[in-house]
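1. the sequence and its predicted three-dimensional model are supplied below.
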Amino acid sequence: MQQIDMNSDEFQAEMEKTSNFVQKVYKQFGWVPNPNDEVNEGVTMGLARNKLIYGKRFCPCFMVIGETKEEQKEADNRICPCTPAIEKEIPEDGLCHCGIFCTPEYAAAQTQHDEIEEVVHSHSKGLTKEQAETLLQEEQLDGDELEALIEAKNLGMIHFTLVDTREYMEFQMGHIVGTDTLMPTSEFYAKVEELADKKKEPIILYCHSGSRSYQVQHAMKGMGFEHVCNLRPGIIGFSGEIQRG
């Protein structure tokens, strides 16, 4: 898999082109950016990366299926702005799966919600050991649940391995504090071998929006991993501590 240097002139040039592309899409469909700038930046970077690697702006929230261009076309990989977003996700939910394209109504409501959350959010979760162990049995976790489990892990109550399934540049841009390892979906079958000794231990996966990690979760379960959880909203739905670099 081709490695992309996000500081390279080539990548920066493609980022500019992709940013212009995103602005044109906003204007064409009457959509607006997500109130969370990190969502927009992360998705734009993913689109630029896919453009350089595959020659198309495949949706960065899904694994790209197919080794050749013919296989990729046959697999019907999502190309931004994708048909499901245009026809279903944005009309019904107010935003696309990746979150970069929103209706003005959704963006306004989300901004108000975020302002309220900033005031009332509490980081004191206080799970008991039994509650934490029970929560680890869930297949899908939300951001608050993961934050509570990380707190319990830091207190020595439970143990699990937290795995980022995004790409290296996304990890550098910002990852959840407490992440144990990076396993990019583009290198999944090579990297998953590094976790072979943890098949009976709890593992929690996350990505940008929960889609890639969901696919990885099912692949790992098929390989014999017994306790694999997925952060359902992805890192964009996690309000805990994030670290850059």
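-> Looks like it came in fine.
2. looking at this protein, which helix is longest?
-> As assigned by DSSP state H, the longest helix anywhere in the chain is helix 9-29.
3. could I get the buried residue list for it?
-> Within helix 9-29, the residues scored as buried using 16 or more other Cβ atoms under 10 Å are 11, 14-15, 18-19, 21-22, 25. C-beta: built from backbone N, CA, C; applies to glycine.
4. now do the strands in the chain.
-> 140-141, 161-164, 175-176, 181-182, 202-206, 227-231, 242-243 (DSSP state E).
5. identify the residues contacting the third one?
-> In this case it means strand 175-176. 146, 150, 162, 164, 166, 182, 206, 235, 238, 240-243 (Cβ atoms under 8 Å, 6 or more residues apart in numbering).
6. just curious, which of those is nearest to residue 112?
-> Nearest to residue 112 among those: residue 238, at 20.2 Å, using Cβ to Cβ.
7. what about that closest one, neighbour count?
-> Residue 238 has 19 neighbouring residues, counting by other Cβ atoms under 10 Å.
8. what's the distance between it and residue 19?
-> 25 Å (Cβ to Cβ, to the nearest Å).
9. and residue 98, by the same measure?
-> In terms of Cβ to Cβ, residue 98 sits 15 Å off from residue 19.
10. and residue 187, by the same measure?
-> If you go by Cβ to Cβ, the gap between residue 187 and residue 19 works out to 27 Å.
11. likewise for residue 84?
-> Counting by Cβ to Cβ - residue 84 and residue 19 are separated by 23 Å.
12. can I see the domain layout of the chain?
-> 9-119, 129-243 (automatic domain parsing).
13. buried deepest among these, which one?
-> Highest mean neighbour count among those (mean count of other Cβ atoms under 10 Å): domain 129-243, with a mean of 18.
14. mean confidence (pLDDT) on that domain, please.
-> The average of the pLDDT scores along domain 129-243 is 95.
15. show the end-to-end separation of it, please.
-> 27 Å (Cα to Cα, to the nearest Å).
16. same check, this time on stretch 87-105
-> 17 Å.
17. packing partners of the longest helix of the chain?
-> Here helix 9-29 touches helix 37-54, going by 3 or more Cβ pairs under 8 Å, 6 or more residues apart in numbering; DSSP states H and E.
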